[in-house]
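Q: With the sequence up front, the predicted model follows.
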Amino acid sequence: MFRPVPSKTSFPELEKRILHFWREKRIFERSVTERETSPLFVLYEGPPTANASPGVHHILSRVFKDVIPRYKTMRGYCAPRKAGWDTHGLPVELEIERELGFSSKDQIETYGVSQFNARCRESVFRYQREWEEVTERIGFWLDMEHPYVTLDNDYIESCWWVIKQLWEKGLIYQGYKVTPHCPRCGTSLSSHEVALGYEDNTPDPSVWIKFKLKLGSVGGTPLERHLPLLQKKSATYLLAWTTTPWTLPGNTALAVAPDADYSVMEGENDHLIMASALVNMVGLEGYHEVVRVKGEEIAGVQKGLRYEPLFNPHQYGVERRRFRQYKGEAGIWRMALEIQPEDKDLSFPVIDTDFVSLDEGTGIVHIAPAFGEADYEAGEDNDLDFVQPVDLQGNITGTYPFARIFVKEADDLILKELGKDEKLYRRETIRHTYPFCWRCATPLLYYAKPSWYIKTTAKKDRLIAGNEEINWYPEHIKRGRFGDWLENNVDWAFSRERYWGTPLPIWRCEGCGKDDCIGSLDELKGKPGLSAESMVLDALKKGEADLHRPYIDTVLFNCSECEGGKMRRLPDVLDAWFDSGAMPVAQWHYPFENKEIFEKFFPADYICEAVDQTRGWFYTLHALSTLLFDRPCFRNVICLGHILDAKGEKMSKSKGNVVDPWTVLDSQGADALRWYLLTSSPAGSVRRFSAELVGEAQRRFIRTLWNTYSFFVTYANIDKFDPRAILGVSEFSERAELDRWIISELQKLIVDVIDAMEGYNPTDAGRRIQGFVEDLSNWYVRRSRRRFWKSESDADKLSAYATLYECLVTLAKLLAPLTPFVAEEFYQNLVRPFFPDEPESVHLAQFPIDDPTKVDEQLAQDTRLAMTVASLGRAKRSEAGIKVRQPLDEVIVGARSRGEKESLERMRSQILDELNVKKLRVDVIISAPTANATAQALPPSVTVELNTNIDQKLADEGMARELVHRLQTMRKQAGFDIADYIYTYYQGGESLKRVIENKIHADYIKQETLSREVIAGIPRDAYTESHKIAGEEITLGVKRQG
C-alpha cells in the first residue's frame, strides 16, 4: 500500500523531512559522483558577500541557479556546483566603518590598517551560517564544503597572475584622468559601479552665470568693429548655464559650438552673449539682438575672446597649472603638471568644441578640466589652465569664503558670492539623474586624478564579437543592455585607494620611478635585494600569513634599472569586481595548480544573476576572459528582473516593506516560494513579492496537485491498487477516451517542458506544467471520479488508476528541478516502495522521455472543444442563476464547420455529463455570430445556448443532486472516512420527501453517499444539520454503519 496522504498537510514540515533524507543519503553528492563519467554541465556561482543576511532577491537568483543544474543532472549530465564567497571591497569596509563610527579614511589610518582589515576579515563570514542554512532550506544544491573564497592567498595569487598577463599584453596603464570618485569612500569607481548608483529626480541648482568679457580680446574677431557699441554699456558678459555651481572655482574656459550662431543681446546696462537659438528659451527680458556671429569666429585660445575668471585661484591660495605634452612609455601622454606663476595672464579663453548642445542652457558651456571627462579632454586639446580647488574628501580648499565645506553644501555660498558681483543672472532648481556611490549613497564627483586602468577599449571588437556567442535569456539583453554597454565601453578603472582588497601587484622604484608588475609569489621572492621583511613571503607560502595590507606593503626589493633604488608596492587595492570576474581561473588557483580541472570547467555552461550584473559581474567575467583567452567564459546566462513589494515599490528597510524570506519559508515552504519566483513572471521581468502572493501560488498549483495526489492514494489504498499490476492494463488503444486523452497530453507536456528547459526558460516550463495539472484535476480526475468510486474492480478502473499513477509519477520527475521537495515526496511514496531497484531519489532518476505513438491530436482537439463548450455552458448557467447540479433538457451548440460538428458529436457523452443536460443539438452556423452571442470570445468560435425551462421531473432530479451535495459535506463534517458506509436520515420537507421516496432518486442518493438506507426520522446519535433546499426546510442526519 501507499503511505496515506492527508488532503491537508504542512509543507514546511514535509520539506524538513525531505531535507533530512537528502542529508542522510547524501543525494546531492551522489548526483555528482554517480555521473562522474558523464558530460559536464558547469555552473559558475556568482559569489555573494556574507556580511549581511540574505534577502528575497538573493533567494530569487539562487532558485534560478538551482533549477537548471537539477534538470541537466536528470538529463544525464554531471553537474558539480562550487560555492563562492566574495569577501573584499567597499561593502565590507563601509560596514566596519559604520560599526566603528568612522566617516573618513583618516580615521582608518589612525585606527590602524592591520586592525581594520582584521575586522573586515571577521565580518565577511559573520552571516555565513545563515547563508548556508537558507541555501539548504530552499533546496539550492551547492558544494558549500569546498567554496572558493576571494580573500584566500591562492585566490589572490591567481588574480596577480591575471594582472601580469594583461600587463605583458600592454593592457594595463596608469592614467591621469577624470574618474568617478566617491569623496566619502575616498576612491575611484569603475563605470560599471557607477551604473549601479544612478538616482532619478535628484534636485540640483540650475543657474545662469555671467562671465565678464575682456573687451581687449575682441581684436581680430567680428566683434572688433562693434567695439564702440559694446563700450556704451558697463560690461559685456558671456552667459553660461550649469547645474554644478561647486565646479565654478575650477573654471578655466568657456566653450561654444563652432557652427552655431551667437547673439550679442543689448540690455539697459550691459550686453549678454549667448546662442541665438536659445534666446527665447532663456527669456532675456529687456534685451534685444544687436550683433550676430558664428561660434568659430569668437573662439580660439590665441585669437578668440577671453574673459575674467570668476574666482582668481592665486587670490584664494589655489595652484594654477597648465597642460603640457610629454612622451611616456606608452606613447604621447598629456598631464596637468606645470605650475603657473601668479603674475602670468589670468584671462581665460573661449574655445569651440563638438559637445556643446543647443538643446538646453545657453549654448555656452563652462569648462573646469578638474571635473568632467569632456572638460579634461578640452583642457588637453587646448592647453588650458588646470585649477583643482577641491580635495579628495570633496571639500573646497584654499581661502575661499566657502572653503572647508563639502562641495554640494557649498553651492549656495558660491552663488551668494557671485550674486554680490551681479554675476548670477538667474537661479532655478532642476531635477535630473545623478550618480551616487552604489554603496554609501554619497554624490559622486568626476575628479581628475591618477588611477590604474585596464585598456578594455583595445579589445572592444572582440568583446562585442564574443557576446554574439553567448545565449542571453531574455534574448534582448544581448544587443540591448549588455550590447549597448560594450558598444560604449570605456577603459576599466580597476584600482582603489582603499585597504581591504586584493593588493595591486605593482611595485614602483622610489628612485627612478620604474614600475614592475608581479605575477606570483615565487616571482616576488626571486627579486634581488629582498628586504628583511621577506619572512612575510615565507610565511605566506606556508599559509601562515596574510597577503593583504599592511603586510605585503613591507616587502621591498632592489630596482633593476637604477642603483640603490628601492621598489615599493603602490598602496592601491583592486576593484572587488575584478576579484569576482577572475573566479573562472582563481577558484582553481590556476595556473599554479589544477590546470586540467580549469580546462574542464572553462567556459561555464550557465550563470545567472540580476539584470544590474550586466554592468557588474557579467561584464567583468566577459572582459577578463576576453582579454586573457579571447573567448567568452560562459555560454548561457539568465538575467533576472528585480523584485518589488506587492504594490510595485522598491523594497527598503526604511519603508518597512522588506519581506524576510524565512517568514515565507516557515509559513508556506520552499516549494511554494520557488514556484512563485519561477512562474509569476518571466525571468527578465520585474516581479512583485509578498507572503500573500506566494500563498496564492501555493493554493492555485501545489495544493491542487496535492489534492490530486491525495485523491489517488486514498482510493488506490481502498482498492489495494499495486502499480506493478500496470502490466495487466488493456492495450493503450483500447483504454478509455479520457485515459488516452490525458496520456496524450502528458506526452506533449514532456516535450514542451524539455523544450523550455533546454531554452533556459523554467518559467514557461512551470506554467505549462500548471496548465496540465489544471486539466488533470479539473477535467480528468473530476470526469473520472465515478470510475474510482465504483465497487467493481474491472479493467476500466485499473486503467484509470494506471493512468493517474503514470501522470503523477511523470509529474514528480518533471517537477523535480522546480519544486524538488514535493517531487521527492511523490517519488518516495509512489515509486520506491514498489520498485526498489529504481534510483533512491527522484533527483537521481532520469528525466521523462515522451512516447510520440501515444499522442492523439484529434482527440486533443476534440477534448479542448468539449472543454470550451462546457465553460461556455457553465457561464450560461451562471447568467441564468441555475446551478450545475440542476439538470436541464438541452444544450444547443453553434459550430463553425462540419469538422467542429463531428468533433462535438464524438464528445457528446462528455458534454452532456459535464453540463448536466439530457440532449445535445449541434448546428453548423455559416454567418458570423451576433454581438450578444455567448462565448464568441473563446476559441474555437462556437456559441452555446441552453434550454432553461425546468419541468417537475428535472426539478426533482435537481433536488436529489442537491441532497447528495449536502450529505457529502455532512460526511466530511462528521469526520467519516471516505470509504465508510453510512445510514442517512431525514425529516420534514414534503417535496423533498417525495423525491427521497422515489426509488430512482433514492438509489442515486444511496450510491453517491455510500448510504445503506435512507430512513425517515432521525435517531439521537446521528450527526444532524438543518438545510433549506428549493425553499423547503429539511433536517438531515448521517451515522456511520456498525
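A: In hand now; what should we look at? Numbering: from 1, shown residues only.
Q: going forward, measure contacts and count neighbours with C-alpha atoms only.
A: Noted.
Q: So in this structure, which helix runs the longest?
A: helix 857-880 (DSSP state H).
Q: So for that one, mean pLDDT?
A: Per-residue pLDDT over helix 857-880 has a mean of 94.
Q: Now do stretch 78-92: distance to the chain's middle.
A: What separates the centre of stretch 78-92 from the centre of its chain is 17 Å, taken as Cα atoms, centre = their mean, to the nearest Å.
Q: I misspoke; the intended subject was stretch 955-975.
A: 50 Å.
Q: Only the buried residues of that stretch, if you could.
A: 955-964, 967-968, 970-971 (16 or more other Cα atoms under 10 Å).
Q: cool, and stretch 836-845?
A: By 16+ other Cα under 10 Å, the buried positions in stretch 836-845 come out as 840-845.
Q: Can you give me the domain boundaries for this structure?
A: As recorded under automatic domain parsing, the domains making up the chain are 198-433, 505-571, 676-848, 859-950, 954-1040.
Q: I figured residue 499 hits residue 573, correct?
A: Yes - counting by Cα atoms under 8 Å, residue 573 is a contact partner of residue 499 at 6.6 Å.
Q: higher neighbour count, the two?
A: When neighbours are counted by other Cα atoms under 10 Å, residue 499 comes out ahead of the other of residue 499 and residue 573, with 26 against 22.
Q: Tell me how far that one lies from residue 194.
A: 20 Å (Cα to Cα, to the nearest Å).
Q: residues making contact with whichever strand or helix holds residue 693?
A: Using DSSP states H and E, residue 693 maps to helix 691-697. Outside helix 691-697, the residues within contact range by Cα atoms under 8 Å, 6 or more residues apart in numbering are 646, 659, 663-664, 668, 672-673, 675-676.
Q: Now which of those would you call buried?
A: For the contacts of helix 691-697, a neighbour count by 16+ other Cα under 10 Å gives the buried set as 646, 659, 664, 668, 672-673, 675-676.
Q: And the residues you listed, which is closest to residue 825?
A: For the buried ones among the contacts of helix 691-697, the minimum distance to residue 825 (Cα to Cα) is 14.5 Å, reached by residue 672.
Q: Could I have the CA atoms of the helix or strand encompassing the closest one written out in PDB?
A: For residue 672, the host element (DSSP H and E) is helix 670-679. Listed next in PDB are the C-alpha coordinates belonging to helix 670-679 (Å, rounded to 0.1, in the frame of the first residue of the first chain):
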ATOM      1  CA  ALA A 670      10.400  26.400  -0.100                       C
ATOM      2  CA  ASP A 671       8.500  24.800  -3.000                       C
ATOM      3  CA  ALA A 672       5.800  27.500  -2.800                       C
ATOM      4  CA  LEU A 673       8.400  30.200  -2.700                       C
ATOM      5  CA  ARG A 674      10.400  28.600  -5.600                       C
ATOM      6  CA  TRP A 675       7.200  28.100  -7.600                       C
ATOM      7  CA  TYR A 676       6.100  31.700  -7.200                       C
ATOM      8  CA  LEU A 677       9.600  33.100  -8.100                       C
ATOM      9  CA  LEU A 678       9.900  30.800 -11.100                       C
ATOM     10  CA  THR A 679       6.400  31.200 -12.600                       C
END
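Q: Show me what the longest strand seen in the chain packs onto, helices and strands only.
A: The residue-count maximum for a strand in the chain (DSSP state E) belongs to strand 198-212. Strand 198-212 sits against strand 235-242, strand 424-435, with contacts defined as 3 or more Cα pairs under 8 Å, 6 or more residues apart in numbering; DSSP states H and E.
Q: Give me the contact list for the very next helix or strand once past it.
A: Sequence order places helix 227-231 as the next helix or strand after strand 198-212, per DSSP H and E. Residues from elsewhere that reach helix 227-231, judged by Cα under 8 Å, 6+ apart: 215, 218, 236, 271.
Q: how far does helix 227-231 sit from the chain's center?
A: 63 Å.
Q: Tell me the buried residues in that helix?
A: So helix 227-231, judged by 16+ other Cα under 10 Å, has buried residues residue 230.
Q: Looking at residue 321 now. What's its pLDDT?
A: Model confidence at residue 321 (pLDDT) stands at 84.
Q: can you check residue 681 too?
A: Reading off the model, residue 681 has pLDDT 94.
Q: is the residue nearest to it when sequence neighbours are not counted in a bridge, and if so with what?
A: Computed as Cα to Cα, 6 or more residues apart in numbering, the closest residue to residue 681 that is not its neighbour in sequence is residue 687, at 5.9 Å. Beta-bridge pairing for residue 687 (DSSP bridges): residue 643.
Q: before we move on, back to that, now, which of the buried ones among the contacts of helix 691-697 sits nearest residue 812?
A: Set against residue 812, the nearest of those by Cα to Cα is residue 675 (14.1 Å).
Q: from what I can see that closest one touches residue 818, true?
A: Yes - when contacts are counted by Cα under 8 Å, residue 675 is listed as touching residue 818 (6.8 Å).
Q: where do the contact lists of these two overlap?
A: Common neighbours of residue 675 and residue 818 (Cα under 8 Å, 6+ apart) are residue 766.
Q: What are the boundaries of the strands in the stretch 251-400 of the chain?
A: Using DSSP state E, counting those that start in this stretch, the strands found in the stretch 251-400 of the chain span residues 253-256, 261-266, 270-275, 288-294, 306-307, 320-328, 331-339, 348-352, 364-367, 385-387.
Q: Repeat that for the stretch 601-750 of the chain.
A: Here the stretch 601-750 of the chain has its strands, by DSSP E, counting those that start in this stretch, at 607-610, 636-640, 643-644, 687-688.
Q: In CSV, list those strands along with mean pLDDT, distance to residue 757 and mean neighbour count.
A: CSV is the format used below for the strands of the stretch 601-750 of the chain (pLDDT from 0 to 100; distance: least, Cα to Cα, whole Å; neighbours: other Cα atoms under 10 Å):
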stretch, mean pLDDT, distance to residue 757, mean neighbour count
strand 607-610, 96, 14, 22
strand 636-640, 97, 12, 23
strand 643-644, 90, 23, 20
strand 687-688, 92, 20, 19
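Q: Let me have those strands in CSV, adding distance to residue 569 as columns.
A: CSV is the format used below for the strands of the stretch 601-750 of the chain (distance: least, Cα to Cα, whole Å):
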stretch, distance to residue 569
strand 607-610, 35
strand 636-640, 38
strand 643-644, 43
strand 687-688, 47
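Q: could you dump the domains of the chain to a markdown table with distance to residue 1?
A: Listed next are the domains of the chain as a markdown table, based on distance: least, Cα to Cα, whole Å:
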| stretch | distance to residue 1 |
| --- | --- |
| domain 198-433 | 62 |
| domain 505-571 | 58 |
| domain 676-848 | 6 |
| domain 859-950 | 32 |
| domain 954-1040 | 16 |
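Q: can you tell me which of those domains comes nearest to residue 144?
A: Set against residue 144 and scored by Cα to Cα, the domains of the chain come closest in domain 676-848, at 18.9 Å.
Q: Can you get me the start-to-end distance on that closest one?
A: Its first and final residues considered, domain 676-848 spans 24 Å by Cα to Cα.
Q: do the same with stretch 103-115
A: Using Cα to Cα, the end-to-end distance of stretch 103-115 comes to 17 Å.
Q: burial count for residue 751?
A: 16.
Q: residues touching the residue nearest to residue 681, list them.
A: Contacts of residue 687 (Cα under 8 Å, 6+ apart): 641-644, 680-681.
Q: Over to residue 1041?
A: 980-983.
Q: Let's have these in TSV, adding distance to residue 605 and pLDDT.
A: Below are those laid out as TSV (distance: Cα to Cα, whole Å; pLDDT from 0 to 100):
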residue	distance to residue 605	pLDDT
980	56	89
981	59	92
982	61	94
983	64	95
